[in-house]
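Novice: Quick check, what structure comes out for this input:
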Amino acid sequence: MKVQDLTRYSEKLLEAYGVPKNEASVIVDSLIKAELRGISSHGFLRLPTYIKRTQAGIMRAASELAVVQDNGAAVVLDANFSFGQVAAQRGMQLAIEKAKQYTIGTCLVKNSGHFGTAADYGEMAAAEKMVGIALSNTTPLMPPTGGAEKKLGNNPLAIVAPTKGDPIIADMALSAVAMGKLLVAKAKGEKIPLDWGTDKNGSPSDDPQAVLDGGLLLPMAGPKGYSLAVAIEILTGILAGTFAWQIPSLYNLNQPQSIGHLFVAINISGFIDYELYLENMEVLKTGLKDCRKAPGVAEIYLPGEIEQNKAKAATEIKLQASAVTEINELALKVGMGALE
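Specialist: Numbers count the residues shown, from 1 in each chain. This next block holds a predicted model:
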């Protein structure tokens, strides 16, 4: 489906369910970017669940965001159970405003929802000649190293830095894979690598459904991934007042989520002349791209470059059949035609 057509359709669907037009645009833009970059785990698979959460009364269709602390360079934003994308966009906007004044600006968001792809918010800072950092805690999906119980989420981390061309984007979750990739594998009927997760008994499994049915995601790089997940939990959940294991699943339609995000904007000109920074970045990029290649490697990519190339090449978006089915069911309820 053409990007413009999918954008208009999905915005109209959200509006039909009570989401204000400007906020529907923010949410859909996040989903579109994820699909174009090949990250369908954070794309339209999520849309039906978002709508169902608003209908269940556990997430606000129209946001109610409130700054509850303003301490100069640091701000706390209460999302009041609004859409994560809307709260996160405002959170990074506030961090950027503070960085223009104080060189470094931060915003902690509490009582938020799933915010989509962390890189989106880092890119907002990069567009303002800043380095952007976005962190979040999530529903518990993985154990501490040596454990057999869900205690930590796959806590995403994104650091985005501007260059003369596309920004460099380091964006990752701290489990071996994001939960969304299991959903994609399940939808496609595909097996998964054994080091992605375990079944409910703690045994490695190549069946995404077995991992989804009470199993565990495993930390990337073992204790290193575990340590980073704990660090992000401190910077988001602990500061926001919600432990990971207090956050219900996105798919639990009986309880609201209270996710915490932290956004940091670093004004580059507060440390180095911006033009000199850009020249230095070109040296870094060239040095990495021109590195002698290992056997069988045709090209070395910068962080985020593969996804950026996919987005540039894409002219249409093909959604998972399961997502289309659910979207059409919701559209029928509000008198909209089917998504083709």
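
Novice: Strands of the chain, start to end?
Specialist: Listed in chain order, the strands of the chain (DSSP state E) span 66-70, 74-78, 104-112, 130-136, 157-161, 168-172, 197-198, 216-217, 259-267.

Novice: and the first one with strand 104-112, angle?
Specialist: With axes from the mean of the first three to the mean of the last three Cα atoms, to 10 degrees applied, the angle from strand 66-70 to strand 104-112 works out at 140 degrees.

Novice: Off-centre distance for strand 66-70?
Specialist: 23 Å (Cα atoms, centre = their mean, to the nearest Å).

Novice: what do you get for the fifth one?
Specialist: Once both centres are worked out by Cα atoms, centre = their mean, strand 157-161 turns out to sit 11 Å from its chain's centre.

Novice: Just give the strands next to that strand in its sheet, each with its orientation.
Specialist: Taking DSSP bridges as the criterion, strand 157-161 sits next to strand 130-136 (antiparallel), strand 168-172 (antiparallel) in its sheet.

Novice: State the mean pLDDT of the last one.
Specialist: Across strand 168-172, the average pLDDT comes to 96.

Novice: Need the contact partners of it.
Specialist: 117-119, 122-123, 156-161, 220, 281, 285, 302-304, 307-308 (Cβ atoms under 8 Å, 6 or more residues apart in numbering). (C-beta placed from N, C-alpha, C; glycine too.)

Novice: With the first one instead?
Specialist: Contacts with strand 130-136, where a contact means Cβ under 8 Å, 6+ apart, come from 88, 92, 95-96, 99, 115, 118-126, 155-162, 232, 235-236, 259-268.

Novice: where exactly do the helices run in the protein?
Specialist: 3-16, 21-36, 47-55, 84-102, 119-126, 179-188, 208-212, 223-233, 239-240, 274-289, 305-313, 321-333 (DSSP state H).

Novice: picking up where we left off before, could I get the strands paired with strand 157-161 as a markdown table with distance to Lys224 and mean neighbour count?
Specialist: Shown next, in a markdown table, are these (distance: least, Cβ to Cβ, whole Å; neighbours: other Cβ atoms under 10 Å):
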| stretch | distance to Lys224 | mean neighbour count |
| --- | --- | --- |
| strand 130-136 | 17 | 27 |
| strand 168-172 | 12 | 20 |
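
Novice: and these as CSV, adding distance to Asp78?
Specialist: Converted to CSV, the strands paired with strand 157-161 look like this (distance: least, Cβ to Cβ, whole Å):
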stretch, distance to Asp78
strand 130-136, 16
strand 168-172, 26
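
Novice: Show me the one of these that comes nearest Lys33.
Specialist: strand 168-172 (11.4 Å; Cβ to Cβ).

Novice: and the closest one with helix 223-233, angle?
Specialist: Interaxial angle of strand 168-172 relative to helix 223-233 (the same axes, to 10 degrees): 100 degrees.

Novice: about what we covered before: just tell me which of the strands of the chain ends up closest to Lys150.
Specialist: Closest of the strands of the chain to Lys150 is strand 216-217, at 6.1 Å (criterion: Cβ to Cβ).
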